[in-house]
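K.L.:
all I have is the shape, not the residue letters:
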Ligand SMILES: O=C(O)CNC(=O)[C@H](CS)NC(=O)CCC(=O)C(=O)O
C-alpha cells in the first residue's frame, strides 16, 4: 500500500487551513497514495480562547466537510489526524477527534484522544490540554481493504499499553498524528515512534504539525514512517509538504515471526 503523510502548519483559521490543504491532497492523490494522513488538530491551532470561539460541531466544521469532499473526489482514504470539534460537554470542552474518511466521503471511524497533555515542559512552556478538551475512553481500530489501522493521537504515544491493545486487536498500521513540542520532539519523538513499532510489529505513520503557529507556538515537524522492525522509512524534516511511503504489509507478519513478543505476555504479581 502507498501512504502519504501531510506535514502542515495549521493556522487559527479553518478556511485558510482547508485552502492550503487541498493542493497537498491533490499532490498525494496524483502520486498514487491510497491513504493520506494529516496532523493533530489539522483544522485549527490556536490558544484556548480562540480555539473555543472557532471550533464547531461535526456537522458545521468546514475542514471535515472539505476533507470528505477531497476523499470522494480522489477516491482515497483520509485519516484526518485530528480535528478540534465542539461537543455537548457542559463545561464547553472540545473533542480532540480523528476521523477516518472512506473513498466515498463517508465517515468510517472516529477516535477521541484518550490521554491529555497536562505537562510542564519547561519553566516557560506549560500545557493543560484537559482544560480545553474532554478525553475519550475507547480505543479504535479500522479495517481497510488493504490494512487494519490502529488510531492514536500525539501524547497517546507515551502510553505503550494502548498500542499493544491496538496490535492485539489486529492493527497492522498505527497512526500517530501529532503536534509535538520542540523540546520533547527533539528528545523523544523518533525514539518513541520506533519503540511502538518494534514492540507491536506494526508500521507507524505519524503526520506532524511543523513550524510556528498562532500565539508563537512552535511544533517539531519530522513526520515519520517506521517499519515493523524499527527502521525509519521516511522523515519529512521541518518543511510542510507531502511525504510518500510504500508499506509492504508482509513485513508485519515477518517482524512478528522473528520476535513473537505480542504472544508472550504473562500474568505477574506485584511489584
Ligand atoms: O491543544 C491543541 O491545540 C491540540 N492538542 C495538542 O496539541 C496536544 C496538547 S497541547 N499536544 C500534545 O499532545 C503534545 C505532546 C507532546 O509534545 C509530548 O508528548 O511530548
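P.N.:
Received the coordinates, thanks. What you are looking at is a predicted structure, and each value in this text was computed from that prediction instead of being measured.

K.L.:
give me the element the closest residue to residue 233 other than its chain neighbours is part of.
P.N.:
Closest residue to residue 233 apart from its sequence neighbours, by C-beta to C-beta, 6 or more residues apart in numbering: residue 225 at 4.3 Å. For the C-beta atoms, the positions are set from N, CA and C on the backbone; glycine is no exception. Following DSSP states H and E, one finds residue 225 within strand 224-226.

K.L.:
next, the buried residues of that strand.
P.N.:
Going by neighbour count (16 or more other C-beta atoms under 10 Å), the buried part of strand 224-226 is 224, 225, 226.

K.L.:
ok, and the closest non-adjacent residue to the residue in the stretch 101-250 of the chain positioned nearest to the ligand?
P.N.:
Distance from the ligand to each residue of the stretch 101-250 of the chain (C-beta to the nearest ligand atom) is smallest for residue 184, at 3.0 Å. Using C-beta to C-beta, 6+ apart and skipping the chain neighbours, the partner closest in space to residue 184 is residue 121 (6.2 Å).

K.L.:
picking up where we left off before, let me know the pLDDT of the residue nearest to residue 233.
P.N.:
Looking at residue 225, its pLDDT reads 99.

K.L.:
for it, give its distance to residue 86.
P.N.:
As for residue 225, its distance to residue 86 is 32 Å (criterion: C-beta to C-beta, to the nearest Å).

K.L.:
for residue 210, helix, strand, or coil?
P.N.:
Here residue 210 takes the strand state, with states given by DSSP: H, G, I helix; E, B strand; the rest coil.

K.L.:
can you pull up the bridge partners for it?
P.N.:
Counting by DSSP bridges, residue 210 is bridged to residue 220.

K.L.:
residue contacts, it?
P.N.:
For residue 210, the contacting residues are 7, 8, 9, 219, 220, 221, 222, 223, 236, 238, 239, 240, taking C-beta atoms under 8 Å, 6 or more residues apart in numbering as the criterion.

K.L.:
give me the neighbour count for the first one.
P.N.:
Pointing back at residue 7 there. Residue 7: 27 surrounding residues under other C-beta atoms under 10 Å.

K.L.:
hey, what's it bridged with?
P.N.:
According to DSSP bridges, the residues that bridge with residue 7 are residue 241.

K.L.:
what sits against it?
P.N.:
Under the criterion of C-beta under 8 Å, 6+ apart, the neighbours of residue 7 are 39, 207-210, 221, 223, 236, 239-243.

K.L.:
likewise for the third one?
P.N.:
For residue 9, the set of contacting residues under the criterion of C-beta under 8 Å, 6+ apart consists of 209, 210, 211, 212, 213, 219, 240.

K.L.:
my guess is the last one meets residue 213, correct?
P.N.:
So the one you mean is residue 240. No - using C-beta atoms under 8 Å, residue 240 is not in contact with residue 213; the gap is 11.9 Å.

K.L.:
returning to what we had before: hmm, who's touching the strand holding residue 225?
P.N.:
Defining contact as C-beta under 8 Å, 6+ apart, one finds that strand 224-226 is touched by 3, 5, 189-190, 193-194, 196-197, 203-206, 208, 232-236, 243, 245, 247.

K.L.:
from these, keep the buried residues only.
P.N.:
A residue is treated as buried here by neighbour count (16+ other C-beta under 10 Å); on that basis the buried members of those are 3, 5, 189-190, 193-194, 196-197, 203-206, 208, 233-234, 236, 243, 245, 247.
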